[in-house]
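*Asks:* Fold the stuff below for me.
(chains A and B)
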2 protein chains.
Amino acid sequence: MDAVTFGVQLVSVLISLLAFAYAAWLYLWVKRLPSSNARIAHVGRLIREGARTFLRKEYLVLARFALAAGALIFLFLPSPLWSGSVRENVVMTVAYFAGTVFSAIAGKIGIEVATIANIKAAEAAQKGIRPSFMAGFRGGAVMGMAVVGASLIGVTLVYLLTNDASTLLGFSFGASSLALFAKAGGGIFTKTADISADLTGKVELGIPEDDPRNPAVIADNVGDNVGDVAGMGADLFDSNVASMAAALVMASSLDGAMGGSTFVGMVFCYAALGLLASLIGVMCARIGKNGNPTSALNASTYITTGVYVALTALATLVLGYEWRIWGACIVGLLVGVIIGIATDYFTDDTRKPVRHVASASASGPAFTVLSGVSYGFLSVLPAMAGIGISALVAYQLCVPIYPALSTEFAMFGISMAAVGMLSIVGMIVSNDAYGPIVDNARGLAEMGGLGEEVLSVTDQLDSAGNTVKAVTKGFAIAAAGLTVIALLGAFMSEVNTAAAALGVAGLSGFDIMDPLVFFGMLAGAAIPAVFSALLMLGVNRNAQRMVGEIHRQFTTIPGLRQGKAEPEYNRCIDIATTGAIRELIPAGLVAIVATLLVGFVGGVRAIGGFLTGNIVSGLLLALFMSNAGGLWDNAKKYVEAGHEGGRNSAAHKAAVVGDTVGDPFKDTAGPSINTQITVVSLVSSLMSTLFLAGSLFG
Amino acid sequence: MDAVTFGVQLVSVLISLLAFAYAAWLYLWVKRLPSSNARIAHVGRLIREGARTFLRKEYLVLARFALAAGALIFLFLPSPLWSGSVRENVVMTVAYFAGTVFSAIAGKIGIEVATIANIKAAEAAQKGIRPSFMAGFRGGAVMGMAVVGASLIGVTLVYLLTNDASTLLGFSFGASSLALFAKAGGGIFTKTADISADLTGKVELGIPEDDPRNPAVIADNVGDNVGDVAGMGADLFDSNVASMAAALVMASSLDGAMGGSTFVGMVFCYAALGLLASLIGVMCARIGKNGNPTSALNASTYITTGVYVALTALATLVLGYEWRIWGACIVGLLVGVIIGIATDYFTDDTRKPVRHVASASASGPAFTVLSGVSYGFLSVLPAMAGIGISALVAYQLCVPIYPALSTEFAMFGISMAAVGMLSIVGMIVSNDAYGPIVDNARGLAEMGGLGEEVLSVTDQLDSAGNTVKAVTKGFAIAAAGLTVIALLGAFMSEVNTAAAALGVAGLSGFDIMDPLVFFGMLAGAAIPAVFSALLMLGVNRNAQRMVGEIHRQFTTIPGLRQGKAEPEYNRCIDIATTGAIRELIPAGLVAIVATLLVGFVGGVRAIGGFLTGNIVSGLLLALFMSNAGGLWDNAKKYVEAGHEGGRNSAAHKAAVVGDTVGDPFKDTAGPSINTQITVVSLVSSLMSTLFLAGSLFG
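*Replies:* Sure, this is the predicted structure:
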């Protein structure tokens, strides 16, 4: 490895450490904020303990899963133990465990700070919107810095120690395993609690949201943390690692062909500068005394983007990197921002879609659902076209770099577009984690009896969180889409390496007219639908259990209905936790087993088709469900703000139905599809040697 | 052409004529059935006139569209007028018009008999289930025989006259143009009327379904005919012609390479025997005096399948055809039947999905929607896997036929699997058209005051119609899916012919790793979602107009609410008709314009990806929407049969919401996606020379 690249990697490590240091400073800043309200402190503690319980149980189950997966990896990957080198298999297994552990630590840090920041933000809201915003935002930023710092330092260390990009696929698979549990499990948890709390509280008993008499209310607040903080963080940790791993697999093969280590250096350089830019963006986040929190969040994103473009241009100039690859990276970033803005159109309550769904609600819930589904379907177009165009432009930009390796450079260009799109992920996670913190703060302010004025402050902050969440979710899905295209390239590159080692013919591509590819594609396209269906049915079943428990508590605990006795919050948290993990397993297994089945029946060509079908239908369904869910949420809020008859009108009842349908769409199934796609891609890459070695038709 | 193939083609024409003769006999049989009730006759006349009005207007708009499309075809296809032969362009234009006209005639015949058979079935219900069933079934069979007879004779005559399979793509595009108008336009019409009638009648005024005071009631019954009889007939006419056209394009290229005309002969032979088998199946349809109509319909399907297998085996033996190709054909047919049965599982009210959705409805409409969406997602798996497997098996079967042309024979095998799947389409259309006839009969019995006992007979017949409809819809979508895979092969074959003529490089396949292909794939995958969204929003808008009109009639017509005055039924029919055509145009244009855009930007490789993405996401969404819609419909009926609290319970209200959401899913958007896919495939094949000649990136 040349000195420049080694230097770049050291700088990566330094920037990661800087991010951790800044995260620690932010954490202490948040922690030192005053808190005096005993009731809020009590409820806050319940939430923190609930979240810890869930994480502990989840990590325990995950540990068992990871042990089993680790044993299989040790036996079979990168090649069966008896045919390859034991050392390689040990390294791969360790890398896998490291992937799960790094992601788990980032998630744990995020939860710890989020469950303090919510209390602080609630109390700070008494002093106005500015201090409350800062508490929420800086709490979220700890998660942002921790996630990206941990992913960057993890990838860099694994690469420095092994000098082998394929090992990163193991690290990345570790991150994906955790993300599958954290995102899908957290998603089932949060919606189980949310739906049960709403159904029994608001609908049956007519008590307000966040009413402390409701046994599910703490579980609901815990859910925001485990689903939206820990789950979302694990999801983006996973995407970030996967995009770097895919780019590094291709970069190191290019470096092998061209000599030197320039391209590996570029990947680290651009990724590290993304974290630095995010750090600067977070530092710049400010809000005026009566300012608009949405603008503040968006301004930080734009600052980060600008800083990133400038920093990478400077680095490219100084280090003499190839400008075309820089171009691919920037194209990815810009298209990501544009997709975010386009997504915003479909979920913003000043635009036609939300307003139309709100007015359609006046004719009844069927029309809320139909119009929401329609706009959800429409919303997939800009993102799908954007991803396609960015892949096409990145490819065309990088084709001319070196004629003898034009396809390889072009594929590397696509993977760098994914790295570029994910470069500002530190900022994205910060914004995203802000949402559940201020949502929790609203709940705490209500339960602490801080009064209407404080609630209006937290409502404003919460609404900004929802708007930004829709945008970042579109962004995250698009980034995952581009990453998986890069992973498809990484898969082919892995297959060809394995084929060379086995002395069999490799792949030059995947021909759609090849019926093995087509068969794989149709099977792969069905998986995201089946996966989402299993998760949503799981939420349904789990919610039924929790509703039963809530009814039991209201019947058997004397004085509960009058607010004289405290409900057994922990029972609800237990049900949500156990159920989430139980319901998640079949969905995860279906995805993995289907991959193995297709691979051993149709071989690597069928898997190429399988991944393609999976990406195409996964993107379609993830975008549809996330956007439709966000739209229904905001349409309900729009009606509640007094339009179409306001609260308790027929339109409101219909809008609540839309929101309930949208909840598992946008918080359970939609965003989990990302993770499902990544898991399937990584399983395929890791299994490529085995699929090559023996399959029924391939 | 050799004598055997010529003989087979003559037999095709004879079997078509036999089907027409049998249809005429059935028509006269139905027409001669007694009718005496003046009220039924009056309402029946209104329905017939309404359906005729819609068809006339639709055909007028279509004629204008066809004239414009015909002019473009004349100018540009198969090659620009100034660079090719004028004669070829004239032939293509004439073939296009013939495609629209043949399909239109079959639709017109179907509507004419359906709007007589409904009256006869209503009156016959007074004598018991058997005569009523026969009236409904034989009325439907006229449509079945007319659709398949017209498509077979059309394809045969075009081929006999031109001896050029490419011209059939023009004929097929004509059929698709009509299907787009008939299926999507009819779908918007029928759901506009259905939703408006339910919303104002059942919900607002609390009057029963099919109450003659409701101004939308006639439009609703007209809708069944124009959507489910004419629309569905045009859809299957289109699929049938497209599958034959795709197979003949490949067969004639194989015949060119091998000498002779055996493979062309096989296509005609297997298609013609399918019609003969359907004719025998229709003749065998019987029901006992207290028999079960669902079993009677299914039995006819199984008889047709058995007869078809026997007849084709005999023909293969006698004519010395290749058994492997026969195998591909039979695989397609069997998989089609299996997919139909799997679809049935998700919509049958004795199975878990329907029961679960019904019981989830007790928790409110959000749970009806969520569980229905989940099962709808699950239901795509068997069909997607089935299509993939049948393509794979057909390919593997036919690869060994002739080593030098192994891929060509394998692709021909896939196209023959599609022909096999569609071989029993005459039976399928008969069963399918039976549904709206007995549905109408139920309405007429209600409006004619024939009493509860008669209504219970028509209810039984109607329910069988719904069950069978779900099965045939799954079958139709699967057949369309396989057909379009074959059309993708036809597209490549057309491109290569054009490339040879232009002296440029042709295609050997579509590589997923090619970013042009990938870009096209993502764009193509978004189109069915956008297309469905536009149709559903169109239904919403149109229903709002009609609800406005119904409110106006109730306010301005004195005595209407008391049943002393007749509403202005025609106004509602006019609104549904005009609106359907107006709302359909943007959806159709989006699909066609997107194809042209992708083709001229990315060239033929991008189009290959575009078609693939379109097929994958189109199949996914079409299966999801059709099955979820059927499921909700049956869940509502299950609740109405007294389960989960029965009529007017909370579960019933929720189930009605599910049914209303499902209506445009299953009757407008879902099945129209079929047509959208075929239209896009044919536009691509027809434009292949132009896309090759000039595009931005390709």
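*Asks:* distance of residue A:202 from residue A:462?
*Replies:* 17 Å (Cβ to Cβ, to the nearest Å). All C-beta atoms are positioned from the backbone trio N, CA, C, and that covers glycine.
*Asks:* These two - which one has more neighbours?
*Replies:* Taking neighbours as other Cβ atoms under 10 Å in any protein chain shown, residue A:202 and residue A:462 compare with residue A:462 leading, 22 against 15.
*Asks:* Could you pull out the buried residues of the one helix or strand residue A:220 maps to?
*Replies:* Assessed by DSSP states H and E, residue A:220 sits inside helix A:217-223. Across helix A:217-223, burial judged by 16 or more other Cβ atoms under 10 Å in any protein chain shown covers A:217, A:218, A:219, A:220, A:221, A:222, A:223.
*Asks:* Serialize those residues to JSON lines and add fields for pLDDT and distance to chain B.
*Replies:* Shown next, in JSON lines, are the buried residues of helix A:217-223 (pLDDT from 0 to 100; distance: Cβ to the nearest Cβ, whole Å):
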{"residue": "A:217", "pLDDT": "87", "distance to chain B": "19"}
{"residue": "A:218", "pLDDT": "88", "distance to chain B": "22"}
{"residue": "A:219", "pLDDT": "90", "distance to chain B": "18"}
{"residue": "A:220", "pLDDT": "88", "distance to chain B": "16"}
{"residue": "A:221", "pLDDT": "86", "distance to chain B": "21"}
{"residue": "A:222", "pLDDT": "89", "distance to chain B": "22"}
{"residue": "A:223", "pLDDT": "89", "distance to chain B": "17"}
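*Asks:* how about these in JSON lines, adding distance to residue A:587?
*Replies:* Putting the buried residues of helix A:217-223 into JSON lines (distance: Cβ to Cβ, whole Å) gives the following:
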{"residue": "A:217", "distance to residue A:587": "27"}
{"residue": "A:218", "distance to residue A:587": "26"}
{"residue": "A:219", "distance to residue A:587": "21"}
{"residue": "A:220", "distance to residue A:587": "22"}
{"residue": "A:221", "distance to residue A:587": "25"}
{"residue": "A:222", "distance to residue A:587": "21"}
{"residue": "A:223", "distance to residue A:587": "18"}
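*Asks:* which one of those is nearest residue A:40?
*Replies:* Among these, residue A:221 lies closest to residue A:40 (Cβ to Cβ), at 11.8 Å.
*Asks:* Could I get the CA-only coordinates of stretch A:292-312 as CSV?
*Replies:* Output of stretch A:292-312 as CSV, limited to C-alpha atoms (Å, rounded to 0.1, in the frame of the first residue of the first chain):
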residue,chain,number,x,y,z
ASN,A,292,-38.7,27.3,12.2
PRO,A,293,-37.2,23.9,13.2
THR,A,294,-37.8,22.3,9.8
SER,A,295,-35.7,25.0,8.1
ALA,A,296,-33.0,24.6,10.7
LEU,A,297,-32.7,20.9,10.0
ASN,A,298,-32.8,21.4,6.2
ALA,A,299,-30.2,24.2,6.4
SER,A,300,-27.8,21.8,8.2
THR,A,301,-28.3,19.2,5.4
TYR,A,302,-27.6,21.8,2.7
ILE,A,303,-24.5,23.1,4.6
THR,A,304,-23.2,19.5,4.9
THR,A,305,-23.7,18.9,1.2
GLY,A,306,-21.9,22.1,0.2
VAL,A,307,-19.0,21.5,2.6
TYR,A,308,-18.7,17.9,1.3
VAL,A,309,-18.5,19.0,-2.3
ALA,A,310,-15.8,21.6,-1.5
LEU,A,311,-13.8,19.3,0.7
THR,A,312,-13.8,16.4,-1.8
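*Asks:* For the helix holding residue A:220, name the packing helices and strands.
*Replies:* On a contact count with 3 or more Cβ pairs under 8 Å, 6 or more residues apart in numbering or on different chains; DSSP states H and E, helix A:217-223 meets helix A:38-76, helix A:186-197, helix A:425-447, helix A:569-640.
*Asks:* now for those helices, which one comes closest to chain B?
*Replies:* Nearest to chain B among the helices and strands packed on helix A:217-223 is helix A:569-640 (4.8 Å), distances taken as Cβ to the nearest Cβ.
*Asks:* quick check: angle from the closest one to helix A:186-197?
*Replies:* 80 degrees (axes from the mean of the first three to the mean of the last three Cα atoms, to 10 degrees).
*Asks:* For helix A:569-640, what is the distance to the chain centroid?
*Replies:* Relative to its chain's centre, helix A:569-640 lies at 12 Å (Cα atoms, centre = their mean, to the nearest Å).
*Asks:* Can that helix be said to contact chain B?
*Replies:* Yes: judged by Cβ under 8 Å from any Cβ of the partner chain, helix A:569-640 and chain B are in contact via A:602, A:608, A:609, A:612, A:613, A:616, A:617, A:619, A:620, A:624.
*Asks:* and what of stretch A:315-331?
*Replies:* No: using Cβ under 8 Å from any Cβ, stretch A:315-331 stays clear of chain B, coming no nearer than 11.4 Å.
*Asks:* mind listing what's buried in that stretch?
*Replies:* A:315, A:316, A:321, A:322, A:324, A:325, A:326, A:327, A:328, A:329, A:330, A:331.
*Asks:* Point out the ones among these that are inside helices.
*Replies:* Among those, DSSP state H puts A:315, A:316, A:324, A:325, A:326, A:327, A:328, A:329, A:330, A:331 in helices.
*Asks:* Please produce CSV containing these, extended by pLDDT and distance to residue B:399.
*Replies:* Compiled in CSV, these are given as follows (pLDDT from 0 to 100; distance: Cβ to Cβ, whole Å):
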residue, pLDDT, distance to residue B:399
A:315, 95, 53
A:316, 95, 50
A:324, 95, 42
A:325, 95, 42
A:326, 96, 47
A:327, 96, 44
A:328, 95, 40
A:329, 95, 44
A:330, 95, 47
A:331, 94, 42
